[in-house]
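Q: Compute the structure for the input listed below.
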Amino acid sequence: MGVHDQRMRHRAPLVVLLALVVLVLAGCGSSSPPVVPVTDLPSRPPVPADVQPTKVLVVVEENHTATSALRAMPYLAALAGAYGQASDYHAVAHPSLPNYLAIAGGSTFGVTDDADPSSHPITGDSVFDSALANHQSAKSYAEAMPAPCALTSHGRYAVKHNAWTYFSDSASRRNCQRFDVPAGTMASGPLRADIDTGALPTVGELIPDLCHDGHDCSLGTADDWLRQWLAVVMAGPDYRSGHLAIVVTFDEDDDSGPNTVLATVVAPNIAHISSADRLTHYSLSRYLAELSASTPLHDAVSAPSLREAFGL
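A: Have a look, this model is predicted:
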């Protein structure tokens, strides 16, 4: 045996060992979540090409960048890949409340904190009120809320995440008391009943509690909650008929960068769309107004629409 052959013989076990180490490290890296195969998502219903969503259900998660959400929420990441995501979507402020107001009202209204509605009574309509005034339907389903249109936080219900409660005109307050309701559970309650009967509103919102929005609990917990609820929503007649779009976004990032957050759009008529348009919460607010044939509110008037970005 030559000298070269002897060296290769001694190196072979080391090469094999290094290869095994690489494989082990690749398989058990703690920062990489398991990938959710597209086949594990709810089946895409066969919808005629000319059918467009006429309703939307918005879910807002909490305080994470787009990169963090895609890394730690494999179910949401799989939805984003299979349906649609905005790669340049931005929250508009810090802390939480101004962003919720931007979605619901097209403006932050000068709010720079998370105080209760008693500190920030807002005049004028929200997108929910505009829809109702235009003879369309609107409803907000708040998890853990103790009573309709609760104006103070309670347990895992955070009023700062329920923007409708801040609109204080008498008509807005009446609308809120009637249509801003506790969500109930996945087995029963207002949201499950509206899903099952095809009675979801034109402008709808599902508000997670402080755990399921990723504020107090992990993104993995929030992702599992989304997986369970969206399976119910996507099995309902509104979605199966092609009339419902689902938008999942985040109120703001973790204050570590330019406030870029994930926005995922799910609808039977879109597939594998990655929009590079610069969009914001005002773009979402404009889409909510457009669905109810209402005039977009405040800064949403000049914002590029989520509808155009995703062909909704």
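Q: so where's the stretch 201-312 of the chain shaky on pLDDT?
A: The model of the stretch 201-312 of the chain has no residue with pLDDT under 70.
Q: Okay, strands next: where are they in it?
A: In the stretch 201-312 of the chain, the strands defined using DSSP state E, counting those that start in this stretch lie at 203-207, 244-250, 263-266, 273-275, 279-280.
Q: Just name whatever secondary elements the shortest one is in contact with.
A: Using 3 or more CB pairs under 8 Å, 6 or more residues apart in numbering; DSSP states H and E, the elements in contact with strand 279-280 are strand 89-90. Every residue, glycine included, has its C-beta placed from N, CA and C.
Q: show me what contacts the residue nearest in space to the middle of the chain?
A: For the chain, Val248 is the residue whose C-alpha lies nearest the centre (CA atoms, centre = their mean; 1.6 Å). Applying CB atoms under 8 Å, 6 or more residues apart in numbering to Val248 gives the contacts Val58, Val59, Val60, Glu61, Leu76, Leu79, Leu226, Leu262, Ala263, Thr264, Val266.
Q: Pipe the strands of the stretch 201-312 of the chain into CSV and attach distance to His90 per row.
A: Listed next are the strands of the stretch 201-312 of the chain as CSV, based on distance: least, CB to CB, whole Å:
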stretch, distance to His90
strand 203-207, 20
strand 244-250, 10
strand 263-266, 9
strand 273-275, 13
strand 279-280, 5
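Q: Of those strands, which is nearest Leu151?
A: Among these, the nearest to Leu151 by CB to CB is strand 203-207 (14.3 Å).
Q: quick one: contacts of the closest one?
A: With CB under 8 Å, 6+ apart as the test, strand 203-207 has contacts from 55-60, 127-128, 131, 136-143, 145, 161-162, 183, 191, 213, 229, 288, 291-292.
Q: got it, and stretch 222-237?
A: Contact with stretch 222-237 is made by 42, 57, 59, 61, 72-76, 79, 186, 192, 195-198, 200, 206, 208, 211-214, 239-240, 244, 246, 248, 266, as judged by CB under 8 Å, 6+ apart.
Q: Narrow those to those that are buried.
A: 42, 57, 59, 61, 72-76, 79, 192, 195, 200, 206, 208, 211-214, 239-240, 244, 246, 248, 266 (16 or more other CB atoms under 10 Å).
Q: What about the residues you listed, which are in helices?
A: Of the buried ones among the contacts of stretch 222-237, the ones assigned to helices by DSSP state H are Ala72, Pro74, Tyr75, Leu76, Leu79, Arg192, Ile195, Tyr239, Arg240.
Q: residues in contact with Ala300?
A: Neighbour list for Ala300: Gly106, Tyr282, Ser283, Ser285, Arg286, Ala289 [criterion: CB under 8 Å, 6+ apart].
Q: Ser168 now?
A: Contact partners of Ser168, counting by CB under 8 Å, 6+ apart, are Pro117, Pro121, Ile122, Thr123.
Q: Show me which of those residues are buried.
A: Neighbour counting by 16+ other CB under 10 Å classes Pro117, Ile122 among the contacts of Ser168 as buried.
Q: Tell me the one among the contacts of Ser168 nearest to Gly110.
A: Ile122 (9.8 Å).
Q: List the contacts of the closest one.
A: Ile122 makes contact with Leu101, Gly105, Phe109, Tyr166, Phe167, Ser168, according to CB under 8 Å, 6+ apart.
Q: now do 7 Å
A: By CB atoms under 7 Å, 6 or more residues apart in numbering, the contact list for Ile122 reads Gly105, Phe109, Tyr166, Phe167, Ser168.
Q: thought His243 was touching Lys55?
A: Yes. Judged on CB atoms under 7 Å, His243 makes contact with Lys55 at a distance of 5.6 Å.
Q: Right, I'll call it a day here.
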